[in-house]
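>>> What shape does this take:
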Amino acid sequence: MEYVTAVPHPRSEAAGPARAGRLSLAVALLAGALGAAVALLATRQQWSEGTATVAGGSFPLTAKGSDVTGVPAALAIVGLAALVAVFAVRKSGRLLVAALLALSGAGIVVAAVFGASDSSALDEKAAAATGDTAAGVDALTHTAWPYVAAVGGVLLLLAGLLALRYGRLWPAMSGRYERSGAVRPRRKAPVVDPDRPEDLWKALDRGEDPTGA
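Numbers count the residues shown, from 1 in each chain. From the prediction side, this is the model:
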């Protein structure tokens, strides 16, 4: 009895990596754009509040994320730029940009977590308001916004890791233009023999008019 071994079709073998590339691209774009937006939004919100005491009484003070640290907002912009730049480069350049994207996300997480318990921004505001450099803040409380910024950093980090793992499968910007800026010459369309039906069908598949009209 003879056994027939099934030979996998080349198209089915290529379908797996292509599907993984499309899925990772979609997830990376969504995670990167959403992460940058979340981090930027969180830095504009109130991160901490407290009260400063003077001779006449006490008054409330608040600090936004941008008052505490400017690192998350700056890295969110860098990460968003890196997300776009991933498609403008190839090979080792794409790996470097993907690494920058991942590092931007990681930096946001670290800065946001450290800023969650920071009181220096409120102390500076208290010193400026009271005129006493030794003035501090009482009843200090923190909000959840620093951790929201950290979530944005995690999303950017995820996008960077996906770019490092699957970036080689992603498309790049059109290579029609050479580095010198010159336009590459277009390939000539193959000659269509009207007496060969297969040539006519191929021309129609390419969207050409086989009659030459």
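>>> roughly how far apart are the nearest residue to Q45 once chain neighbours are set aside and L162?
Spatially, and ignoring its direct neighbours in sequence, Q45 is nearest to W145 (4.3 Å; C-beta to C-beta, 6 or more residues apart in numbering). For every residue, glycine as well, the C-beta is placed using N, CA and C. Distance, W145 to L162, using C-beta to C-beta, to the nearest Å: 26 Å.
>>> Surely S24 is in contact with L162?
Yes. Using C-beta atoms under 8 Å, S24 is in contact with L162, at 4.8 Å.
>>> These two: who's more crowded?
Applying other C-beta atoms under 10 Å to S24 and L162 shows that L162 carries more neighbours, namely 24 against 19.
>>> can you confirm that one is in a helix?
Yes. Under DSSP: H, G, I helix; E, B strand; the rest coil, L162 falls within a helix.
>>> for it, what are its contacts?
Residues in contact with L162 (C-beta atoms under 8 Å, 6 or more residues apart in numbering) are S24, V27, A28, A31.
>>> again, 7 Å this time
Applying C-beta atoms under 7 Å, 6 or more residues apart in numbering, we find L162 in contact with S24, V27, A28.
>>> Helices - which of those land there?
Residues from the contacts of L162 lying in helices, with DSSP state H as the criterion: S24, V27, A28.
>>> which among these gets closest to G79?
Nearest to G79, judged by C-beta to C-beta, of the ones in helices among the contacts of L162 is A28 at 11.5 Å.
>>> ok, that closest one - contacts?
A159, L162, A163.
>>> Can you lay out those residues as TSV showing pLDDT and distance to S117?
Below are the contacts of A28 laid out as TSV (pLDDT from 0 to 100; distance: C-beta to C-beta, whole Å):
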residue	pLDDT	distance to S117
A159	96	27
L162	94	31
A163	93	32
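>>> Nearest to G93 among these?
A163 (11.8 Å).
>>> Fine by me, we can end here.
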